[in-house]
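# I'd like to go over a predicted model; first the sequence, then the structure.
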Amino acid sequence: MKILFVGDVFGSAGRRIVREHIAHVRKSNDVDLTVINGENAAGGFGITPNLAEELFDLGADVITTGNHVWDKKELIDYLKSVPADSHERPRRILRPANMQHGLPGYGVYEGALANGQTYAVVNLMGRVFMNGTNDPFYAATRIVDGIQAKVILVDFHAEATSEKVAMGWHLDGRVTAVLGTHTHIPTADERVLPGGTAFQTDVGMSGPYDSVIGVEKELVLNKFLTGMPGKFEAATGNPKMCAALISCDPLTGKAYKIQRLMLGE
């Protein structure tokens, strides 16, 4: 079984580069399951229902998010529009499962491919240098223990490298993949851990790399040089699609290969 995970889609440049590459990547690699982190799709801050629909149209089976999930308020009603047992598109957009209890949306989706193969996608968010989350390690154990599917992908949206690596070891042998998002810079540490869990500290963003993690570099430089606040805007130059391609045994959920992708225009 082949799984394609596309890192944080950032702004119009990110959407454009994903649109350019995702179809041929999925076809040439016989991808069965496609997961996209779309939390920065709307100008670098949040995602709207319309942009979510666009990513679904490109082939996403599930869309994950992170700390920017509430930036576009119209997404809240979209998430609320379907019940927990639905398999419609709004139910297949996830927000971090370890956010405060009672918030809209869900952090886990369990589904099945057309061939009947079951899978689950879990969205978690770190606590180090981030706000508004409960213990992700406790949440990961509780959630994974309750999932029936063997193939389980975890998007761990976190700032600290150490926290992401720790989560990989924490879930090794219990999930198919732990893939880091949020910091927008791809790491070169992709590997399959001893227990059969594919891991990468950060998949990297799908967006403009002539920037400071997606933002126009002059605006960020001005803030660093002067200390003055300013409005950040998404950059557009040199877009690249960053992704991870995972091969696993569908019967056991164990991964045996992970490949890092970075595709430009």
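Ah, there it is. Residues are numbered from 1 along each chain as shown.

# Tell me the residue in this protein that is farthest from the middle.
Among the residues of the chain, the one whose C-alpha is farthest from the average of all C-alpha positions is residue 226, by Cα atoms, centre = their mean at 33.2 Å.

# pLDDT at that residue, what is it?
In this prediction, residue 226 carries a pLDDT score of 95.

# for residue 229, same thing?
Reading off the confidence values, residue 229 has pLDDT 86.

# now residue 124
What the model reports for residue 124 is a pLDDT of 98.

# my read: it touches residue 99, true?
No - the pair residue 124 and residue 99 fails to qualify as a contact (Cβ atoms under 8 Å) at a distance of 9.6 Å. Bear in mind the C-beta positions are built from the backbone N, C-alpha and C, glycine included.

# still on that earlier bit, return the backbone torsion pair for the residue farthest from the centre of the chain.
phi -110, psi -20 (degrees, to the nearest 10).

# ditto for the one 5 residues further on
Phi and psi for residue 231, reported as degrees, to the nearest 10, are phi -80, psi 130.

# any idea how far it is from residue 72?
Taking Cβ to Cβ, to the nearest Å as the measure, residue 231 falls 17 Å from residue 72.

# More neighbours: which of the two?
The residue with more neighbours, out of residue 231 and residue 72 and counting by other Cβ atoms under 10 Å, is residue 72; that gives 21 against 5.

# and the more buried one, what element?
Here residue 72 sits in a region with no helix or strand, counting by DSSP states H and E.

# Contact partners for it?
Going by Cβ atoms under 8 Å, 6 or more residues apart in numbering, residue 72 touches 42, 45, 46, 47, 48.

# a markdown table for these, including secondary structure, neighbour count and pLDDT?
Shown next, in a markdown table, are the contacts of residue 72 (DSSP: H, G, I helix; E, B strand; the rest coil; neighbours: other Cβ atoms under 10 Å; pLDDT from 0 to 100):
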| residue | secondary structure | neighbour count | pLDDT |
| --- | --- | --- | --- |
| 42 | coil | 24 | 97 |
| 45 | coil | 16 | 95 |
| 46 | coil | 20 | 96 |
| 47 | coil | 26 | 98 |
| 48 | coil | 18 | 98 |
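
# ok, those residues vs residue 129, which is closest?
Among the contacts of residue 72, residue 45 lies closest to residue 129 (Cβ to Cβ), at 18.3 Å.

# Need the three-state assignment for the closest residue to residue 147 other than its chain neighbours.
Taking Cβ to Cβ, 6 or more residues apart in numbering, and ignoring the residues beside it in sequence, residue 147 has residue 120 as its nearest neighbour in space, at 4.7 Å. In three-state terms, and counting by DSSP: H, G, I helix; E, B strand; the rest coil, residue 120 is strand.

# Around residue 120, how many other residues sit close by?
For residue 120, the number of neighbouring residues by other Cβ under 10 Å comes to 23.

# gap between the helix or strand hosting residue 221 and the chain center?
Under the assignment given by DSSP H and E, the secondary-structure element containing residue 221 is helix 217-226. Taking Cα atoms, centre = their mean, to the nearest Å, the mean C-alpha location of helix 217-226 is offset from the chain mean by 28 Å.
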